[in-house]
Structure formats: C-alpha cells, structure tokens
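Undergrad: no sequence on this one, just coordinates:
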Ligand SMILES: Cc1cc2nc3c(=O)[nH]c(=O)nc-3n(C[C@H](O)[C@H](O)[C@H](O)COP(=O)(O)OP(=O)(O)OC[C@H]3O[C@@H](n4cnc5c(N)ncnc54)[C@H](O)[C@@H]3O)c2cc1C
C-alpha cells in the first residue's frame, strides 16, 4: 500500500484517480482495512491539506473534525457531533469522511438534509456543488466521482431559528444510531424533519412537514398526528441492530420530542 502526502489542495486533487483512496481521520477507512474488507492500492493522506480544515461561516471544510463541530457548530449539528463515537473518534473523524462513507447511520446526515445543505466537490476540471439529495444515492453510495475530492459541506445562509438533533441506540454512548433525527422550525411555522438509519439514504418526512407547518401552535392532537406521519413515512429495515417496527415507532417518538423542544415546550 503506497501513501501519498499532498501538501495542498491542488496537489491532492491532481493525485486523484481510480486506484487512489482518500484518507482523512481514518475512523471509517482503517476499520475496513483492519477487517480485510478493503485493500487500497494507493492512499491519499489528507491531514496536511490545510485548505480542507478551513471553516468560513456556512462553509465547513471536509477536514473539519467532529471535535470542532461539537464546539463551534450550529445547535443540531453540534448535538450530532457530540454523539459520534468517543472523544478519540471525534478528534480524528471528519464531516467529509462521514458524508463520503454514506452509511445510512451517519449521524451528520440528518442535519444536512433538514437544512438543505450541499456538498462541494472538486476535481482538476473544477468545482461543483450538489444538493444533499443528489449526493447521497444509496447505502454507501454517493455521486462523488473517483477524480473528485469532497472539499466542504455548504449550509444555507438562513438557517432555521430552532433545530434539534437526537438519536436512539442500544446504549447511551459509543453507539450507532437505530434511528436519528433533526427537526427544524421557523417562527412562521415552517418545519422540516430529516431522519437517518431508516432508509438507504438520509430522508425527509415531507407529509409530516406539510401537516405540521400549517399549525401555528400545534395542539397535542396535532403532535400525535405529526408523529404518526413520521412513523408512516420512514422506510426502515430489520437488521442486527433493530427491527423495522421499532425503528418506525422510535422515529415518530423522536421527531415529536424534537419538535416539542423546538417549540420550547420541553428543555433541550
Ligand atoms: C468506534 C467508532 C465509533 C463511531 N461512531 C460513530 C457514530 O456514533 N456516528 C457516526 O456517524 N459515525 C461513527 N463512526 C464512523 C466515523 O467515525 C465517521 O463516519 C467519521 O466522520 C469518518 O470520518 P474520517 O475522517 O475518519 O473518514 P475516513 O475514515 O478517513 O474516510 C472515510 C471514507 O471517506 C473517504 N473520504 C474521506 N475524506 C474524503 C474527502 N475529503 N473527499 C473524498 N472522500 C473522502 C475515504 O476514502 C473513505 O472512503 C464511528 C467509527 C468508529 C471506529
């Protein structure tokens, strides 16, 4: 296995090719290598590429670690960051690696879906910005080409006033999500709800969003209906982590609880 050490973004992008595997924090990639699931021919080590760690307002460099996001990120993304692995994992793992892996359980993804973020990709021929729903194509499948590096995630300028993240897992720490969710709410009632671990890619519960956005001051009955719609809209599977039925139920409960937090009815 050969390792390449580019010193800047231009060198990194120029080194890309079909047999070249980018390496950021290594918290996903090295697990695959250690288990013998992958044997990359050439590894492109990104740690020295300082441009990737730049963070300007709504443009978060792909090399920004969960540790930094936990400290400086917008509320719901910081809440998600706090749940990623352990302090060691958060010091090494990056948001770019999280979106590139495209695991259905990626805890960073629901926030990106909830606020309609985009993924910035760069190759020698230029830069393109893909909306999240065009980037995530399936389980561990993205629209990134071999000749492209993920350079940043780009959030919209007008983030919703309230946004909250939570996840459900089999224990309280160091846990892969059984379901994870972000709810956002604006003062005019517009609400979004995005979920992870309940479909091949992050998803939005659009019917639930439309229903609750029309409610200026949602009643308990409206909150029940919101939770019911979220549970109906998710597309979970049964696997070694949970059952389809439990994921469906937990998604509705979680979304309702996060909406109540956004409405200020329960503490964050
Ligand atoms: C013990 C443990 C606990 C974990 N817990 C969680 C958790 O709770 N929640 C969660 O979401 N994840 C968790 N993870 C997974 C992992 O930590 C995250 O997905 C992390 O964000 C991956 O980032 P990384 O920088 O380490 O990526 P790497 O492992 O370096 O790379 C991952 C993939 O992304 C590609 N890649 C990396 N950077 C780029 C780039 N700039 N452009 C193009 N491709 C790139 C690599 O080629 C590789 O395919 C855990 C992992 C471990 C080992």
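TA: Received the coordinates, thanks. Keep in mind the model is a prediction, meaning the values are calculated, not measured. Numbers count the residues shown, from 1 in each chain.

Undergrad: any idea how many residues pack against residue 48?
TA: 13 (other Cβ atoms under 10 Å). From N, CA and C alone the C-beta is placed, and that goes for glycine too.

Undergrad: identify the residue nearest it in space, chain neighbours excluded?
TA: residue 7 (5.5 Å; Cβ to Cβ, 6 or more residues apart in numbering).

Undergrad: cool, and residue 20?
TA: residue 42 (4.7 Å).

Undergrad: what sits opposite that neighbour in the beta ladder?
TA: residue 2, residue 20 (DSSP bridges).

Undergrad: contact partners for residue 154?
TA: Contacts here follow Cβ atoms under 8 Å, 6 or more residues apart in numbering; on that basis residue 154 touches 58-60, 117-120, 129.

Undergrad: my bad, should have said residue 112
TA: Residues near residue 112 by Cβ under 8 Å, 6+ apart: 99, 119, 132, 153, 155, 194, 202.

Undergrad: let's see 10 Å
TA: Going by Cβ atoms under 10 Å, 6 or more residues apart in numbering, residue 112 touches 60, 77, 80, 95, 98-99, 106, 118-119, 131-133, 135-136, 153-155, 182, 194, 196, 202.

Undergrad: so how far is residue 98 from it?
TA: 10 Å (Cβ to Cβ, to the nearest Å).

Undergrad: overlap in contacts of those two?
TA: In contact with both residue 112 and residue 98: 80, 106, 153, using Cβ under 10 Å, 6+ apart.

Undergrad: which of these has the most neighbours?
TA: residue 80 (29 neighbours).

Undergrad: for that one, give me the pLDDT.
TA: Residue 80 is assigned a predicted lDDT (pLDDT) of 98.

Undergrad: residues in contact with it?
TA: Here residue 80 is in contact with 66, 69-70, 73, 95, 98, 106-112, 165-167, 177, 180, 182, 196 (Cβ under 10 Å, 6+ apart).
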